[in-house]
Each structure stands twice: as structure tokens, then as C-alpha cells.
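1. Got a predicted model here, sequence first, then my questions.
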There are 2 protein chains.
Amino acid sequence: MEDRPLVTGRGRFVDDIRMPDLLHAAFVRSAHAHARILGIDAEAARRVPGVAAVLTMDDLRPHLSGDRLVTALPSPSFRLDLHRPVLAFEETAHVGEPIAVVIALSRYVAEDAADLVEVSCEALPAVEDCRAALAPGSPVAHSSAAHNLVAEFHLGYGDVEAAFAGAAHVFREKLWQHRGGGHSIECRGLVARHDPVDDLLTVWSSTQTPHPARQILSDLLRRDPDRIRVVVPDVGGGFGPKLVFYPEEAVVAAAALLLGRPVKWIEDRREHFVATTQERDQYWDVELAVDADARILGVRGSMIHDHGAYSARGTNVPYGAAAAMPLPYMVPAYRLDVRCAATNKVPVTPVRGAGQPQGVFAMERLLDRAAQALGLDRDEIRRRNLVPAERMPYATPLKTRGGMQVVLDSGDYPGCQALALLRAGWEGFAARKATARAAGRRIGIGLANSVEGTGRGPYEQVRVRVAADGRVRVATGAAPMGQGTRTMLAQIVAEQLGGDMANVDVVAGDTAAVALGFGGFNSRQAVVAGSAAHAAAIAVRTRVLAAAASLLEASEADLDVEGRTVKVKGSDVTIDLGAVARAAAGLPGFAVPGGQPGLDVTESVVIDEMAYANASAVAEVEVDAGTGTVTITKITFAHDCGRVIHPGLVDGQVIGGIAHGIGNALFERMGYDADAQPVTTTLGDYLLVTAEAIPAIDLVHMSSPTALNALGVKGVGEAGVIPITAAVASAVEDALDDLGVTITGMPLSPAGLLARIRQATTP
Amino acid sequence: MEDRPLVTGRGRFVDDIRMPDLLHAAFVRSAHAHARILGIDAEAARRVPGVAAVLTMDDLRPHLSGDRLVTALPSPSFRLDLHRPVLAFEETAHVGEPIAVVIALSRYVAEDAADLVEVSCEALPAVEDCRAALAPGSPVAHSSAAHNLVAEFHLGYGDVEAAFAGAAHVFREKLWQHRGGGHSIECRGLVARHDPVDDLLTVWSSTQTPHPARQILSDLLRRDPDRIRVVVPDVGGGFGPKLVFYPEEAVVAAAALLLGRPVKWIEDRREHFVATTQERDQYWDVELAVDADARILGVRGSMIHDHGAYSARGTNVPYGAAAAMPLPYMVPAYRLDVRCAATNKVPVTPVRGAGQPQGVFAMERLLDRAAQALGLDRDEIRRRNLVPAERMPYATPLKTRGGMQVVLDSGDYPGCQALALLRAGWEGFAARKATARAAGRRIGIGLANSVEGTGRGPYEQVRVRVAADGRVRVATGAAPMGQGTRTMLAQIVAEQLGGDMANVDVVAGDTAAVALGFGGFNSRQAVVAGSAAHAAAIAVRTRVLAAAASLLEASEADLDVEGRTVKVKGSDVTIDLGAVARAAAGLPGFAVPGGQPGLDVTESVVIDEMAYANASAVAEVEVDAGTGTVTITKITFAHDCGRVIHPGLVDGQVIGGIAHGIGNALFERMGYDADAQPVTTTLGDYLLVTAEAIPAIDLVHMSSPTALNALGVKGVGEAGVIPITAAVASAVEDALDDLGVTITGMPLSPAGLLARIRQATTP
């Protein structure tokens, strides 16, 4: 429904927001990974014609409540407070960190002037490798800190030592996982305008989290939140990085207030590589203990997570990785020790999957290794260990950081794997492989299972009403980023109010539209906003029927909402929804038909527990052992997100996630040199997945509705990405099985794979 | 609370709203009371430098859904549809009717150019007198109509004919009552601005009814109501006329859309006399039937009401007059036949009191006449007939037009009269009068009782919330016009949420703040908005305590809200309200403290039945029989509006109403000549009451709380005005009792009274 304007060039993205008097911002960014700032000379820049202002932290500080952004979710795991400066002062901690902003009549002028801002720096030793960062004697990423251990925590349960002591077999893997960024088509951007008549600061931002952004701006600008409106126009992809509140948002908003003129900043792609958060390296050292029947007794190990230079969101990426690892399987004992290291690189925050692909990768690698060693089929070892359907809902021993027990609420994990295998032709693959091998072609197949916590609570607020024009209006703090949130909500609401999605308008991502909101992340919006929309729509339907019954002098039971009318069933007596809405608003001196004024209800359905979706992915690859090139030839994806609201959108989300996973498996790598200078800051150096690398995808849905919400839905936005790297790794190993190549890291570049092949085949 | 900025020059009225690019409007108005428009030549005006546009109905019509404003409340009484044109076309029906608008860089340029717009007209016969208008052969006020009978209705109950047939005495009075206008210090005005970024039309208007104005604009401009915001800035008095939606509001809004620039129009005082609605003449011919003990058996008669040229609001002024007449008394049978006549004068709509002063005047005149004839004291005849306190709640036989029975819910009418008489020294007045008379001075005393339907439903919506800064925010569609609505709401809310009114911010009269609303009229806001505020504040308090109990790990019963904190009673453990609000908004992955998200509740308490306030007024006057000059020397006013929320505001309202009543009794008269040309279009010709004419006022409150709302309040905005003309008439008659002068009309100008004195004293 909402896609047509987006795919026909009629979307309105933040850069499409134009207004008279608009000024444009360009940032002066750190060229150093780590440096002491000795001085900033902006005089030459200020003299450039068309420059309205050059602002540094010294200029902004008097107008702000503090000089740092406190955006990380609270966690007892933190050992260092690495809040980002609004603009760097005293010290810069990564290349690309904003130091000053130039506001000018055009972006061209602003960029030219930004080049004239002289930042005097003394370079400091930079921290590039997160393992080295935690080694004794490492330089520090921040000169104010005594060490680089940003956070540490231990996740687990059960008697792990006893499990390993009693194991028939133990398998150990040392894994490296790199994950790239979101790389939405649209980079970040915002326009800030202050209207002196209303004393209202409006910020149009391509953010995933408008309400939280408003609160941060309110605190930072010491400005009544009612005098700030954050609006999300059409967004060209979010994928996680846009859930973070960034220095640029604070600076541009403050500049608009200071200058009394609207200011626009649109991030360019080069900036996106050095200023927008990404994921980064994790190093895992993990062991699996199984009994003689290959049943899991325990999992243990440690992980070092590259946190980047600042805490922009929290520790949820390493936490998500650690928590995801055991989920699909019966794991009686588990312990993972996690350490997060500060480095002089762009901060790490969730990207689609938010650590879960890494956790799945680690678990699935261990299972493959065990199967290989024990001479079991890879599907068989999983089959023996998957949580059986009859155990659902299954209360795992794991507890969330909020203290709630992780309960796998629904799903048939073995059934899902079986379905994927069946569709993929797993059984017959050995024959195909032998035929290919005989023809000189190396093909392989791999399998991975994942379980994903979706629908992060506590709620999303949704307002549903019938307007005087007979249209149904929906407003929510949920934030679409191109994935069809408006369509999903319209469909849910239309189900209750006439059945016609085209009669439902959805305003999403506007703090002026509803009071409270969180936004789009953690595959949550269909669950939390969908549930609230469902509840609100039912409540409005009740009011519609009560008011119409009064107006038509009919019984509510005899009425139904059809399109834009309320109809007396089995008759041609109808009343327009708009007429009902007008009447329900009341008239001075007359009773309100139906008793309650207005066809307008706001609901916030609180859902504390996560709904766990699951997937089984089968990847087929062909490997050129001579060049190290991997071609993914087919992905079979069996997926269970409960009730599918809009099949097209669900498929789009899953397929998009799979594409993202293929990028992670084969292409995306954010490179830094030893001095933490980024070396991949163009899309020529940093490879995104392209259409040509996407194989045929066979997507099949199971539907185990969750009981945690009235719709029975689970989230789907991240599902595709989570098991892909694991399945591809498994498939590549399979293609190279005769060479004894093991895959222990991602992405698999041709050069990297070739090195592994040579290493394995060199005596 | 809200008065300090208003009385120290720091209010922000509509004319204080300034913005870049603002254009200014001046209207071309009809110089004829009734004329056919032959053509409009705007070429010369358009050529004036600085003129952006000259717009006529032909220019606007393509952009509007219709060419007339449908603003009258529906009523089966109407015999003619006299909807006002947006701009007059074909015909004008009163002097001052807008025909075209000039939009220019300044008001000066706009006015100069407006003078150059040539309207060719053919004068048509004008209808001035509403009695003559209904006589056979009268010219018609609108050439499209066959007659001038706009509306007619009959109000009453019981067997009137039998009552009169069985009466011991019957008294008849023919009364003329004129009522002037609202004449707020601030005339009308508005600023309209279209923001293309949001496609939002914002209209700042000094209206009493922002939400209805938005709906009318939405319908007329064919514009989504969500894309229109009506905001009421500080308003310098409303008094009724500003509850009407006017042509200027439609024209200025349309012009801002058409021109793409903001447009301001501020009504000047001369315009106010010919373009803002007023009340006007009523002619009553009524009879009172009493038994031998002077107990009322019945009241009957007829009334002709001057409706003006168009139906701008409905028939509620004559209806209010007719319904008010019998209210304080036990009247077993009643019938009033009402006819509303179209005239070529500015339309008539409610002014403070809305017909009720006229109804009271008619009833009280009849009672005085009966007392005089029967040799009873004026207080005694009333005492015998007032509804006794022990009959409360008293279901009168009267039914409203909405079909609800009029139930006098509470009050002690005889007690109120007794209190007024006691405070006024009624008993001892005869002696004072005799002493004065002996000294050559004519003093007199008069009495009148009134009962007023207040708190017009069905509701007003109020949103109460605690913001993250710990302040309490209240939003409502109720519309303050200087009477202290914000203070009243802040007080009601503070009672539940910490006790500190200074911690409560109220946004009133902004369609962006709450979805539904009616506004300020009919002494309703304390009742309906107050009740909703009370309910919402209680609901928010419940949430505050639940959330704080969770955060403090305490029992809700042990908590109280004090100032900006929640406190554990008997301890020094507190938590800031802002911290509770932040926590209650929730955090991803954590349970919401208290279970329900947000300290934010919107309530619309439906109150269908009116709460009846009552008053007894005693006026003392001194009359100079040689000049006809009346000086009011004292007003004693006993009043019962149930619970008094804010004594200072209540007193201010009542005293303001009394002043208004004195103006009606002695000064205000909107004069027209026989051709319906207004002859009082300056404050030199049209006399408003001045401070010097206001005597000592002894105001005393009784308090009979109503059971119709949780606060026990009744409205007070119109109370003062209602019985004043009746009490003054009675007092003047008393001062002239030896001359046999009867007062049958208002206002009492010196010349008019002198003529009556001469008529009475000329053999």
C-alpha cells in the first residue's frame, strides 16, 4: 500500500524537505583515529561568503545541558562511561568524529568552508584490534580511561564445569566474525526548524526512534519536550544504525535554534562509513560438550567484542550474540564470558540481527564440527538436539537482563528443519554433489537453525480513530523505514473497520501524533504496534457500532462495518462512517449517540515477553577452489513467525534479510589499518551484496501463532539474516570437504578462502 | 495564575502574532442594508502597489465546497435557510456584510485599496423593525425569500387556557427589550498560515470555539481536518459573539492557502459594530394568571425576536429567553409562541446570558405588576411562588429541544432571595426611601430572581499528563477568553497532583492539543471541562502512585503526591514526578512500572443534563425625575453556583456580568434608522458601561453543590448579567412609584425615561 510512492519516485525523504531560508550543514570531522585537540581555527571558514556560522563545542556548550550524548541503555555491565561528545573537544577517538560544523547557504559552500577549518591535533596511539585492546600494556582508546574494557558480563546457567567433566566428546572452535553495517540506500539526514510563533522545534529525521530522539533533544537542549516535534518522513532503509541518536542530530537542532533559521544536513556515503554506527569484529573461543549420543551437555567459552570508540547504544549486540547461541537447542548448561573492548573505530550498535547471527554462527559451527568428528549427518545432530515441539512453550534456564525468564513460546523447530531440508532436496544432494564433483565442480550444502527473540516490549502506542470524512486514521510512534509498517497497521485496523485498507491512513513516526513511542528495532513493530492497533481498532469498532445503533435505532448485533459505511445486516440501510464520526463527536445540548464521545481510542498494549520466531536455512554453494570464489546457488528458508499478516511484506523482509546475510557471508567488511584508519570508505572498497549474487530463494512459512499477543504474530524484520552466514559456512565446508578446509570466520573473501584452501592442502 | 501576563501587558493576542511574509487583509463591506450586487470592479485596487490580491466570491468559489457558511445549529423551528455567504454575491443583506477582501503588504495599503473597489449596487427595500417584518406586505430582507419568518416555535406545557380561565387575576405586559453586543476589549481577528512542509493550515483566531471552527474550515476548504489547526491565543473577551464562525475566518484562511503566504486580519472597532454578531430587539406580549393568594397558575404570551439578516448560530437566543422565563417559580402551565423575523441588520447570536435576561425580565415585570395590583410586597409574591428548597431536585414540566426534561437539580431559591434581601437592607429601605423623598431625592429598590441553565453538555475533553520534566500538562478544547479557565483547570488538576497550581501548565483552545472540543459558551467550562479535568487528574494520580510504588518498592497506600514529588508518607523518601514519568514511559526490554505506560490520561466526562445555578439581585437606584437619569447606587447579589472553585475568578465573572447587565439596563443600544443603516458605530454613539457607573456590589455566595458532576459545580460566566435589567427596572419603578411610571423596556435612556415620566405625569 505504501510502497507505490516509494518505488515510483514519489516518496518524500528527508532531503526532499525544502523550505525558504534553509541553511545547510557540513561537518568538520576528525582525520585521526585518536588525537588530542590543541585548537580549532575557524576564522578563515567564517570569512567565506555564504557561511552563516561555524560552531564548535565551545560555541554550543552554553546552550546545552551537557557536552555529551547519554544514549546507551543502562547496564550493570559497563566498566567505562564512554558517552559521545556532541562535538569532539579535547580529544577525538575515531576517524570521522565530528569536531565542528559549518552552516552555510548551500552544502557546497559549507563543505568548502569546512575544509578551511584548521584543527590542530597531536596524534595519540590508536587502538585497532579489540583483542590487543584488552592485552596488558595496550594503548588506551581514550586518554581519560585507564584501560579499554568498556563492559563485561557473563551469561549462562547450569553447572557447566560438571557438564564438560562428564562429556563423551568436547569440541572447541576459535571463531572470528566480522559484521558490516546497515548501509541503507538513504544515508542519515535531518532538517531542523524553529517556529518562533509556536516556539516549536521541528526535526525531520530519518531516524528509527523518533520519540526517544525527542527526549534526548529535550534533555540536551533544556527544552520542553512539548516544544519539540520529531517527524520521520519516508526513510530509505534503517537496519539498526538509524535507531541511534547521533551528534549530528543534536548539533543541527541546536544550530537551527541558535541561528533562527532552518538547517539541513544530509549525510553523504563517505560520511556514512565513518560517522554512522556499524557492527564490527567478535572473537569467539567456544566449546561444546556432548554425550555419546551427540546430545548437548553444555556450551562454554568466551567472546571479545569490538565496541568501537563510544557507547552509542549499550551492550545489546554482544548480549544478543550470547543469548542467541543456545536458543534452538536443549542446552542444559551454558556459560559465555563476554568482554567488550574500546577501540578507536566508529561505535558499534545493532545492525539487523543485532548479534544474533554471530551467536547462531558460533553454535552451528560447533555442531558441524561435532557432526563431522562423530560421523553424523549435520541434520541428524541438530535433530537430536532441537527443542521438541511438544515441549512448547519451553522455559529455558536463561534469564534476560531485565530478569525475565526466556520462554520459547511456540514453534516446531524440528518440523521447520525437516521442511527446509525437504524443500532443499537435502536427501538427494549427496548424489548431485558427487555428479558435480565428477564434472570438476565443487558444490556444497549447509544448514543452520536460528531462534530469534522478537517483539521487544514494553509496548508501542497506537491511536485509531474515524475522522469526519469517514476515513480511518491511525497514528503510532512506530517508525517505518521502508519495510511496510504503515501497510501492516492499515491491514490490522481495516480488519476491524470495514475491511478496506485503502480507507486507512497511517501516520507513523511523528511525536506530534501520539504521546509515547519507541520506534523500529528488534523486529518489534508488528508485535507491539500491531497488537496495539488491533486493540484500538476493536475498541473503535465497538464505539462505531454503539453510535451507529443509536443513530439508526438498531441493535448493535445487527450492524456491521463495510467499507466506509455501517450497514444493517441483510438490508440496504447504511450510514456513512463519517456521519457516525460527526455524530459521535456530539452537539451542544444533545446526547452523544453511543454514550462515549468520539470514535477515537489510543491503546498501549504492554507485552513484556519476547515472542520467539524460528528459521531453518539451507544454503547451496559452488566454490571455485582455484580462485576461492563462492557462489551461492540457492537458499531454502523455512520460517515461522506465527501469523503472517501481509505475505508480500513478510516475504520481502525475509528475503531482504537473506540478502543482507549473503552480504555478511561473502562481501561486507569494514577495513581498518593498524592505526585504525578506515580503508573501506567507498562502495568500491566496501562490497555490498548485489542482485547478481542473490540466488533463487525458496521461502516457506510455517505458522505457529504465539499466545503472547492477540494477533499471534512474531517479528520478521531480522529473521532472514540470522542463520545465513552459518548456513553458507557449512555449505562451503561441504563443498571443500575432501580438502579438510574448515571455515571459522566471516566474511569469506576469495583471497581469504583461497588462503585457507592453500593452508589445508599444503603439506 | 494566568491573569498576571494579561494585566501587565504580556499577553499574546492574535494581533501579537507576527511572522515574516505576513500579508494583511481589509474587507470591502456593504454600505447598503439591502441591495442587489450588479458588479464588482477591483481593477484599480489590484493596481495599488503592495496589493497581493483582491478576492471576491467568484475568486474563492472554485476552492470551496460551497459559497455559504452552514453554522446554525439544526432546529426544526426554521422556516427559512438564511446561511451567510462566504462573501456576498448577488445580494447584500446588511450594512457591513463582507463583499470582497484586499490582501496587501500592510493594513494601510489594504484599506486604501479596499476603498478603490467599486461595488455596483441596486438598493432594495430594507427591513428594519422585526414586528413590521412579519406584517403582511412587508418588504423581504432577502429577495430570494417569500417572507421574513425565519423560525417559529412554541414552548410550554400544561393546560394554559384552563389556568387562565380559572384565574383570580390576570396581568398583561407588553415589553420591549433591546440587548446590545459583547464588545470585548479585543475585537475579532485571525492569522492564517499554510506550512507546505506539513501541508498544515494553522489559524490563530480569537474564537471561543476552536474545534467547531476547524470542522467548518475542513468542510468548506475540502481539507482534511488533520491538516488544519485552530489555535486560540490570549483572547481579550468573548461574551458570546466569538463563538460564531464568521465569513472573515473562511476568507482569510482561503486567502492564505491561495496566496501561499500568511494573512492577518484584525477587526477594528467600526467593523465590530457592523460585522460581529450582537443581540437585538425582542417584543414580548405576556400574561400572568394567579389565584387569589397570588400563586401562579399560568403564564402565556408571544414574543417576536429580531433574528438579523442571517442564521449565524440558530434560534438559541429566543429559545433561551422563552425557557428561562418560568424557571425560578412554580408555574403549572406555560406557553410562549415565538416568531423570529429576518431583518437587514447584523445577525443575532448569543451574548452573555443568551436570551435569559430577557426571559427573566418578562417574568419579573409581570410579578412586579401583580404585586403592585394586589398590594403585596414584591418579595412576598416571589416568596410564595419560588420553587421551595425541599422540592429539589425539581423536575419541571419543561422539556429541552433535545427532548430532555428540565430538572432544577439543586439550590435554595427562597433562601437565596432572603439572603439578598437581608444583605441589601430590604426591610429598612422604605424608611430610607421616605427620608430621601423628604429631602427631594428619589431612590428606589428592586428585586429579581433568576435561574440559569449552565454547563451545556455533552462534554469537553481534557488530557492530563505528567511530563518528563515533572510538570503537569493539561490540554483541553475549552477556550479561555480572559475569564481564568486555565487557572480553574490548573487548580482542579493540582488538587489531585501535588497541590501546586504553579506546577500545572494548561493548553486550552488548540485543536492540536486534544481531538475533540466545543469551546466556551453557555457557562459550561467549569462544569464540563472541570469535570473532565478532575476525572483525568484522578486517573493520572492513580497511575503516578502505581508507578511510584513499583519504583520505590512501597505500597500505593503509603504514598502521596506533594508538589513535584511522590513521597512515602511519614518518611523523607521521595521520587521526583519527572522521574516517575520517565520510568512510566518504559524502556525497551524492561517491565513498565505500575503496569500501564505513561502518566497520561484523556477524559471526556459526558454530562447531558444542565446544572441550574440561581441568583437573586437587589438593585438600588436614584432617579433624577427632571432629567430621566438613573444612577445605580448599589447592587446586592446573592448567587449559588454550587462549589466555588476559585473565589477570585468566580467573583470576577459575576461582577463582570453585573457590569454587563448595568450596561444593558442603562446604556447599550445598537441603533438603526428606518433604512436599517446603523447609527451607533463608534463607542461615542454606542455607550458601554464605564467604571463610574458601577456601584458598590455586595456579592454573596450560597453553595448548593449539584449532584450532576463530581465537583458539584455550576457555571458562573453569565450569572451576573441575567437578573440585572429586571432588578433595575423594578428599582426605577419603585423610585417613581408615586408618579405611576411603569417600565416596560430596556435600556432606560434618560430621554426615554423622561418621556415616560412626562407621559405618566401629563394629565
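-> Yep, it's here. Residues are numbered from 1 along each chain as shown, chains lettered A, B, ... in the order given.
2. just the strands in the stretch 501-650 of chain A please.
-> For the stretch 501-650 of chain A, the strands defined by DSSP state E, counting those that start in this stretch cover A:504-508, A:559-562, A:565-568, A:574-576, A:600-604, A:611-624, A:629-640.
3. Kindly apply the preceding question to the stretch 301-450 of chain A instead.
-> Under the criterion DSSP E, counting those that start in this stretch, strands of the stretch 301-450 of chain A are mapped to A:334-342, A:394-399, A:405-408, A:442-454.
4. Can you tell me which of these is most buried?
-> Highest mean neighbour count among those (mean count of other C-beta atoms under 10 Å in any protein chain shown): strand A:442-454, with a mean of 27. Where you see a C-beta, it was placed from the backbone N, CA and C, and this is true even at glycine.
5. Next, the angle strand A:611-624 makes with it.
-> For strand A:442-454 against strand A:611-624, the angle by axes from the mean of the first three to the mean of the last three C-alpha atoms, to 10 degrees is 160 degrees.
6. Paired strands for strand A:442-454, with orientation please.
-> Sheet pairing of strand A:442-454 (DSSP bridges) gives strand A:611-624 (antiparallel).
7. Now the phi/psi pair for residue A:691, please.
-> Residue A:691 adopts backbone torsions of phi -60, psi -40, taken as degrees, to the nearest 10.
8. on that earlier part again, as a markdown table, the strands of the stretch 301-450 of chain A with mean pLDDT would be great.
-> Listed next are the strands of the stretch 301-450 of chain A as a markdown table, based on pLDDT from 0 to 100:
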| stretch | mean pLDDT |
| --- | --- |
| strand A:334-342 | 98 |
| strand A:394-399 | 94 |
| strand A:405-408 | 94 |
| strand A:442-454 | 97 |
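9. nearest to residue B:244, of the strands of the stretch 501-650 of chain A?
-> strand A:600-604 (26.3 Å; C-beta to C-beta).
10. Please tell me how far that closest one is from the chain's geometric centre.
-> 27 Å (C-alpha atoms, centre = their mean, to the nearest Å).
11. repeat for stretch A:206-214
-> For stretch A:206-214, the distance to the chain centre is 14 Å (C-alpha atoms, centre = their mean).
12. Do me a favour and get the end-to-end distance for that stretch?
-> Terminal residues of stretch A:206-214 lie 13 Å apart, using C-alpha to C-alpha, to the nearest Å.
13. which parts of it are buried?
-> Within stretch A:206-214, the residues that count as buried by 16 or more other C-beta atoms under 10 Å in any protein chain shown are A:206, A:207, A:208, A:209, A:210, A:211, A:212, A:213, A:214.
14. Same check on stretch A:542-554?
-> Buried residues in stretch A:542-554, counted by 16+ other C-beta under 10 Å: A:542, A:543, A:544, A:545, A:546, A:547, A:548, A:549, A:550, A:551, A:552, A:554.
15. check contacts around the fifth one.
-> Counting by C-beta atoms under 8 Å, 6 or more residues apart in numbering or on different chains, residue A:546 touches A:556, A:593, A:594, A:595, A:596.
16. give me that answer again for 7 Å
-> By C-beta atoms under 7 Å, 6 or more residues apart in numbering or on different chains, the contact list for residue A:546 reads A:556, A:594, A:595.
17. Among these, name the buried ones.
-> Buried subset of these (neighbour count, 16+ other C-beta under 10 Å): A:556, A:594.
18. ok, which of the contacts of residue A:546 also contact chain B?
-> residue A:595 (C-beta under 7 Å from any C-beta of the partner chain).
19. most tightly surrounded among the strands of the stretch 501-650 of chain A?
-> The highest average neighbour count among those, using mean count of other C-beta under 10 Å, belongs to strand A:611-624 at a mean of 29.
20. what's the angle between it and strand A:629-640?
-> When the same axes, to 10 degrees is applied, the directions of strand A:611-624 and strand A:629-640 differ by 160 degrees.
21. how far does strand A:611-624 sit from the chain's center?
-> 19 Å.
22. can you list the residues of the stretch 601-750 of chain A near chain B?
-> So the stretch 601-750 of chain A meets chain B at A:604, A:606, A:608 (C-beta under 7 Å from any C-beta).
23. from those, which single one is nearest residue B:402?
-> For these, the minimum distance to residue B:402 (C-beta to C-beta) is 35.6 Å, reached by residue A:604.
24. partners of that closest one in the sheet?
-> In beta-bridge terms (that is, DSSP bridges), residue A:604 pairs with residue A:461.
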